[in-house]
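Student: Have a look at this prediction, sequence included:
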Amino acid sequence: MKLHQNSKFDEVFLIMKKNILLLLFVLFATSNAFFAQTKVSGVVVDKSNKPVPFANIAFKNSNEGVVSNEDGIFYLESPKTYQTIVITSVGFSDREIELEKAVNYNLKIQLREIESLKEVVVFRGKTSKKNNPALDILKKIWERRRKNGLHLFAQYQMEKYEKIEFDLNTIDTAYMKKKLFKGMEFIFNQVDTSKITGKTYLPIFINEALSDVYGDNKLKKVKEKTKANKTSGFNGNQQILSFVNDLYSDFDVYDNHITFFDKSFTSPLSTTGVDVYNYVLRDSSYVDNKWCYNIVFYPRRKNELTFKGDFWVSDTTFALKNINMAATKSANINWVKDIYIEQEFEVMNDSVFLLTKDYMMTDFALNKKEKSKGVYGKRTTFYQNHKFNIPKPEKFYKDEVNYLDKEIYNKPEEYWEENRFENLTKDEKGVYKMLDTLQTVKKFKQIYSLVEILDSGYINYGNFDFGSLYSVVGKNVVEGLRLRAGVRTYFGPNDPWRLQSYLAYGFNDNKFKYGLTGKWMVEKKKRIIISAGNRRDIEQVGASLTTTNDVLGRNYASSGLLTFGSNEKLTNVNLSNIQVEIEPVKNLTFGTGISYRTLLSATPAFSLDYYTDLSQTTVKSEVKQSEVNLQVEYTPNRKTIAYGVERDYADSPFTSLFVTYSQGFKGLFSSDFNYKKLQLYYKQPIIIGPLGRSNITVEMGKTFGYIPLGLMSIVPGNQSIFDITNTFSNLKYYEFVTDQYVTLKWDHDFQGRFFARIPFMRKLNWRENIGVKSVYGTVSDENRAINASGLVYNAPEKVYWEYSAGIGNIFKFFRVDFSWRGNYLEMPDASKFAVKVSLGFYF
């Protein structure tokens, strides 16, 4: 069990790892179908040939229609035959266009502005918040939204079928002839045309899953039990399955805010929707023998996380019959050009509407230009066979800690043909065959291996991985240039045991360093893991307040390439430990272990000297200490990947609580001190709807008994150019020393909410960040008395604090934070102002 406190620099690789499959698909993306009967595409403009955004385009005398995007562009397709489309937009006269043939592309439709305001209730573009019948209907939806569908019942259960597909899009002849696809030309036999955008696409990945869903509205519990899972060409690969599941999390359109890609969009059914959306009552008609109203919605402003689209709602229950919505292209979200959502609800009786189909398509691309190539990500979910008010005991909803049923991934084709809710199309069937063939192509194997290297940081050879590539080169004052090479056993992601080691060499001190560790999961269901290891290396002690005994862990401060100021306060560390941990409940882990370490200054300019007791008669330079520790870690809502002795975690926010108690024993293995140490770490992410996301972090600790400098709690400074999590940007190493402390840190990402309202900054898609860090701590008289290091103990007995403001999403990868010191300005060489940068791959 270990607490991760990586730098933002390290998080680059973590985030890239979580999104590496998406990078592969987009890398590929740098024959039309003949089933649809009517296809129309074009652009809607005014008399000055300026685009008309969010115009309504529908087939005449039908419920089939779309809303044009910000550039007035639209695409409409139907399996039925139509001769006429109707175009409407607020502030313009309606217009009908006769279709000369079944396929009509690149139409240019000009609308005439209404001259007299008497002809319309609202001004052009923005609708009124008063005397608007659409808002009257919306208020009825708000009143009934928690009385519709599954919320009407104490318990519910249903069958669920989910299909996730990825497709290369905007396929043309020149694209097919790229050298990248040499030897793989056969894949283009599966090219089709999207009914949403009209663009050509090539399916490259399909995942299917069948499951049973159980819910209890009284207990507020939901459990999903997977019965079968099938992935094209990658059967049983939990990393891929977790990636797509994390990419497409479930949502409720009735909620005020809907989260996609770690961004909070305002739902068109939100009670605050009137502040960000325009609503228009467009039509009323029978839908499945129910009289329904049709309401169109589109954003009031650009660059906000909103949608455009329409929905049909019942005139009696005010429950949704269906909804179509697409994220606006100007929304401040990276790597995503379009998001399109369809939901259909079945009328069970006069008062019950249940979600039966949920379709979502995302167009991932490097830029948002209309003709740019990218990757479609599609998720289609069906629900059927609903049952209600069948209670289950509360323990039924308890999550399994580490359950893997391999049979789920090995169902025969006959099972799928009998049980899937809808038949695969001819193209989808072809994908399975195509990818099976693709696995045998040498060039594809090479590309896939490259992606695996970028994903893990390791190069695989047989049953061994060599790396990590991301820690090969380092630098510090003692070692100068440092090279590190590592190796680990790897039979697969679900390995029950693993050995891992590294060897490093410093060209300045001409010394080798090493680390060796082994882990064995002796019991899988409760994840009982025994681990042991030894490390001899040079470290920056005090790079984090909450400490762990992770043998192979290494902080950026110890060997960062880009740092400033002198850092001679380095320590030779020899650490050995044995640890046992258990996870009796999902995401609740207990651990205990024993460790032994020696600490000795690595430079003449830095001393760890101490008096052996309060009499101050004997001075020692090397700290020897044995320690027994107890640890508890609780991470509710954390999503894990794979089932082996080592797991990865999905890139989604979750609460972290870590408590550790340590007991030092004098005389055990020649140890020098008796002491007790208690530490707590707590981090809470908070999503605040359209205002962005906050992170609140609290750390506390106290040491009972006297200890030398090497065992004190050092307030972590940051002498690199990078922003490092849980450090103080304006402090140097060892600037503050404590034996009891409390820290409070708050940072907030507004996700571009305010920059989006400044006209000349909208297109930059920058995002605003602010933060405050503070620490209070003291040092006991006993600990001051045994200090013989020559370092004066300065403790933040008056709360130290610093504050920051930053700009993120610069060129989609960079963030710059400006940090100011709030007090203690009179201290020698105090850093009053600091600039830190971060790198990342963020949506």
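Tutor: Cool, the structure landed. Quick caveat: nothing in here was measured; it's all calculated off a predicted structure.
Student: in the protein, which spans are helices?
Tutor: All helices of the chain, identified by DSSP state H, fall at 8-18, 20-28, 133-144, 173-176, 238-247, 413-419, 426-438, 442-456, 556-559, 781-785.
Student: Now residue 501: closest residue in space, sequence neighbours ignored.
Tutor: Excluding the flanking residues, the one nearest residue 501 by CB to CB, 6 or more residues apart in numbering is residue 516, at 4.4 Å. The C-beta positions use only the backbone N, C-alpha and C, and glycine is treated the same way.
Student: Show the contacting residues for the one you found.
Tutor: 499-501, 533-535, 551 (CB atoms under 8 Å, 6 or more residues apart in numbering).
Student: and if we set it to 7 Å?
Tutor: By CB atoms under 7 Å, 6 or more residues apart in numbering, the contact set of residue 516 is 501, 533-534.
Student: Bridged to it, which residues?
Tutor: For residue 516, the beta-bridge assignment (DSSP bridges) gives partners residue 501, residue 534.
Student: could you measure it against residue 499, distance?
Tutor: Distance of residue 516 to residue 499, computed by CB to CB, to the nearest Å: 8 Å.
Student: Same question for residue 425.
Tutor: 47 Å.
Student: how near is the residue nearest to residue 501 to residue 619?
Tutor: 33 Å.
Student: Same question for residue 467.
Tutor: Remark: distance between residue 467 and residue 619 (CB to CB) = 43 Å.
Student: Those two: who's more crowded?
Tutor: residue 467 (19 against 13; other CB atoms under 10 Å).
Student: Tell me the pLDDT of the nearest residue to the more buried one once chain neighbours are set aside.
Tutor: Nearest residue to residue 467 in three dimensions, chain neighbours excluded: residue 458, at 3.7 Å (CB to CB, 6+ apart). pLDDT, residue 458: 90.
Student: just residue 790 next, same as before
Tutor: 91.
Student: Who are the contact partners of it?
Tutor: residue 607.
Student: quick one, phi/psi of it?
Tutor: Reported as degrees, to the nearest 10, the phi and psi values for residue 790 are phi 90, psi -10.
Student: what's the distance between it and residue 451?
Tutor: Distance, residue 790 to residue 451, using CB to CB: 52 Å.
Student: Likewise for residue 602?
Tutor: 39 Å.
Student: Give me the more crowded residue out of those two.
Tutor: Between residue 602 and residue 451, residue 602 has the larger neighbour count (other CB under 10 Å), namely 23 against 14.
Student: Phi and psi next, for the closest residue to that one other than its chain neighbours.
Tutor: Among residues not flanking residue 602 along the chain, residue 570 sits closest, at 4.2 Å (CB to CB, 6+ apart). As for residue 570, its main-chain torsions (degrees, to the nearest 10) stand at phi -110, psi 160.
Student: and residue 570, how many neighbours?
Tutor: Count around residue 570 with other CB under 10 Å applied: 23.
Student: same thing with residue 104?
Tutor: Residue 104: 17 surrounding residues under other CB under 10 Å.
Student: need the contact list for the residue lying closest to residue 824 once chain neighbours are set aside.
Tutor: Once flanking residues are discounted, residue 824 sits nearest to residue 800: 5.6 Å by CB to CB, 6+ apart. By CB under 7 Å, 6+ apart, residue 800 lies in contact with 736, 774-775, 823-824.
Student: Bridged to residue 800, which residues?
Tutor: Beta bridges link residue 800 to residue 775 when assigned by DSSP bridges.
Student: And it, how far from residue 301?
Tutor: Distance of residue 800 to residue 301, computed by CB to CB: 41 Å.
Student: Quick one: neighbours of residue 430, just the number.
Tutor: 16.
Student: let me fix that: residue 333
Tutor: 24.
Student: Tell me which residues touch residue 392, please.
Tutor: 155, 214, 216.
Student: typed the wrong thing, it's residue 154
Tutor: Shown in contact with residue 154 (CB under 7 Å, 6+ apart): 217-218, 389.
Student: List phi and psi for it.
Tutor: Main-chain dihedrals, residue 154, degrees, to the nearest 10: phi -70, psi -40.
Student: Apply the buried test to the contacts of residue 800 and list what passes.
Tutor: When these are checked for burial by 16 or more other CB atoms under 10 Å, the buried set is 736, 774-775, 824.
Student: just those now: which is nearest residue 43?
Tutor: Residue 43 has its nearest neighbour among the buried ones among the contacts of residue 800 in residue 774, at 54.4 Å by CB to CB.
Student: so who does the residue nearest to the closest one when sequence neighbours are not counted touch?
Tutor: Excluding its sequence neighbours, the residue lying closest to residue 774 (CB to CB, 6+ apart) is residue 801, at 4.0 Å. Residues near residue 801 by CB under 7 Å, 6+ apart: 772-774, 822-823.
Student: pLDDT score for the residue in the chain sticking out farthest from the centre?
Tutor: Centroid-distance maximum for the chain: residue 617 at 56.0 Å, with CA atoms, centre = their mean. pLDDT, residue 617: 85.
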